[in-house]
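*Asks:* got a predicted model here, sequence first, then my questions.
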Amino acid sequence: MKLIGNKEFYKKLLVIMLPIVIQNLITNFVSLLDNIMVGQTGTDQMNAVSVCNQLFFVFNLCLWGAVSGAAIFTSQYYGKGDNKGVRDTFRAKIVMVFIVSVVACLIFWFFGGNLISKFLHETNDVGNAEETLRYAIKYMRIMLIGVIPLALNFAYGNTLRGIGQTRIPMVAGVMAVGVNLVLNYVLIFGHFGAPRMGVAGAAIATVISRYLETGFMMFYTHTHKSKCQFIIDAYKTLRIPNQLLRQILIKGLPLAVNETMWSLGLTLMNQCYSMRGLDVVAALNITSTIVNLFNVVMFAVGDSISIIIGQLLGANKMDEAKDTANKLIFFSVSCCAVLGLILASTRHLFPAIYNTEETVKLLSSKFILVSACAMPVCAAMHACYFTIRTGGRTIITFLFDSVFICCVSFPVAYCLVHFSAWYIVFIYLTVQALDILKVAIGLTLVKKGIWVNNLVAD
């Protein structure tokens, strides 16, 4: 089994992956700067944004799950050269993200305060739960204004990536984060004559940048129909062929449920950790922001697997698809091992930037060390998941991903938090270590080749 590709292999990979890496890198770097700027206003406001973002993280994953089923068919139809098929999958994504967005808005508007309260527990002198709740509700209400453009962003961006147009979402993302960064500086702190708005300013900046990002992608797509042929007459009707709709639902429903359950499982684990105090909430917020910055390669390889492997499967190049999958998994693990080493050696530098208590900074550096050590494991797990998913084995990915986190990771975290006196860092380490079992299962499934499947064959 060859694990290292030739020059042409990496050239093709970088053409697809680099725009995704650049977009994610800039997005996460600006997210880091946003986090630091909000953190300068105090621990309460930083925790308010952190808790809201955990809830919106569930919504984002629901949107991603909603388009993922159709996305499997998008890349395979494109590999087959079927523009009508790509157009039909785009219509399916539009309908699905609209449904998810309406449901999410109703939940956040009527039950947002109750959900936020579940994460706020005072156990020491760090933070004020009542103030944090007040800031969080204000932040959430403003962020709801940006739900529709975010939903359209998923539908357009996912389809553009599926046909190999990864540069456009990158340009849109870079433009958006630049605007977001400037507006954050102006609105959070009240520069250039603007009022000092704190978390409300951060929310307004995010919403404005989201409209600009989605608007740019839509403008490009509708004015470059020769490159984006799926958009021709795309809105003439939203009807989707019954056979394709059935296939999307069969393959996509497990993915949608999976992403929802997985994100809920992760959020519930964070809620468990939050029982140990607001300092833990703040430390995990800092940790996730830093780790996401270092995980850009892992996420980009996952997207690249969906595109490259999907197109190979659609073109009936099965042996090449298996060989390419092995190389991509090895590439992701190798890159993340190096990045994990760098993150571990610089773990004290990032928390020091924040205007928060020393206990939070110390706790953050320990969480970051654990996450850095887990990066190669997460890379292997992530790449296996995308490989199996691209072949349409969505029931397996459902069992592999969300069932594991809900039936193994979350119960372990819950029991250790509620029924043991273990130090929170040891609990965090134990839960992270459980993913080694997932990697063993994932690599076995990839090696067996059960995912090699052409979903769009005549």
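*Replies:* All right, it came through fine. Being a predicted model, the structure only gives us computed values, none of them experimental.

*Asks:* what's the closest non-adjacent residue to the residue sitting nearest the centre point of the chain?
*Replies:* Nearest to the mean C-alpha position of the chain, counting by C-alpha atoms, centre = their mean, stands residue 61 at 6.6 Å. Using C-beta to C-beta, 6 or more residues apart in numbering and skipping residues adjacent in sequence, the residue nearest residue 61 is residue 263, 3.7 Å away. The way it works is simple: take the backbone N, C-alpha and C, and place the C-beta from them, glycine included.

*Asks:* go on, residue 298?
*Replies:* residue 379 (4.7 Å).

*Asks:* ends of stretch 346-362, how far apart?
*Replies:* The straight-line separation of the ends of stretch 346-362 (C-alpha to C-alpha, to the nearest Å) is 13 Å.

*Asks:* residues near residue 437, how many?
*Replies:* Residues near residue 437, counting by other C-beta atoms under 10 Å, number 13.

*Asks:* who's in contact with the host helix or strand of residue 130?
*Replies:* Using DSSP states H and E, residue 130 sits within helix 129-143. Residues outside helix 129-143 that contact it (C-beta atoms under 8 Å, 6 or more residues apart in numbering) are 44-45, 47-49, 51-52, 55-56, 108-109, 112-113, 116-117, 120-122, 198-200, 202-204, 206-207, 278.

*Asks:* let's see which of these end up in helices.
*Replies:* Under the assignment DSSP state H, the contacts of helix 129-143 contribute 44-45, 47-49, 51-52, 55-56, 108-109, 112-113, 116-117, 199-200, 202-204, 206-207, 278 to helices.

*Asks:* are any of the residues you listed buried, and which?
*Replies:* Buried residues within the ones in helices among the contacts of helix 129-143, counting neighbours by 16 or more other C-beta atoms under 10 Å: 44-45, 47-49, 51-52, 55-56, 108, 112, 116-117, 199-200, 202-204, 206-207, 278.

*Asks:* report the distance from stretch 185-198 to the chain centre.
*Replies:* 29 Å (C-alpha atoms, centre = their mean, to the nearest Å).

*Asks:* end-to-end on that stretch?
*Replies:* Termini of stretch 185-198 sit 10 Å apart (C-alpha to C-alpha).

*Asks:* got the contact list for it?
*Replies:* Contacts of stretch 185-198 (C-beta under 8 Å, 6+ apart): 37, 38, 40, 41, 45, 135, 199, 200, 201, 202, 204, 205.

*Asks:* could you redo those residues as CSV and give each row distance to residue 146?
*Replies:* Formatted as CSV, the contacts of stretch 185-198 follow (distance: C-beta to C-beta, whole Å):
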residue, distance to residue 146
37, 18
38, 17
40, 23
41, 21
45, 19
135, 18
199, 15
200, 13
201, 14
202, 12
204, 9
205, 10
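
*Asks:* of all those residues, which two lie farthest apart?
*Replies:* 40 and 204 (17.3 Å; C-beta to C-beta).

*Asks:* quick one on the thing from earlier: show me what the strand or helix carrying the residue nearest to residue 61 packs onto, helices and strands only.
*Replies:* Taking DSSP H and E as the criterion, residue 263 maps to helix 242-274. On a contact count with 3 or more C-beta pairs under 8 Å, 6 or more residues apart in numbering; DSSP states H and E, helix 242-274 meets helix 43-80, helix 83-117, helix 278-294, helix 394-398, helix 410-419, helix 424-433.

*Asks:* repeat that for 6 Å
*Replies:* Packing partners of helix 242-274 (3 or more C-beta pairs under 6 Å, 6 or more residues apart in numbering; DSSP states H and E): helix 43-80, helix 394-398, helix 410-419.

*Asks:* give me every residue that touches the residue nearest to residue 20 when sequence neighbours are not counted.
*Replies:* The shortest distance from residue 20 to any non-neighbouring residue, by C-beta to C-beta, 6+ apart, is to residue 300 (4.1 Å). Counting by C-beta atoms under 6 Å, 6 or more residues apart in numbering, residue 300 touches 17, 20, 21.
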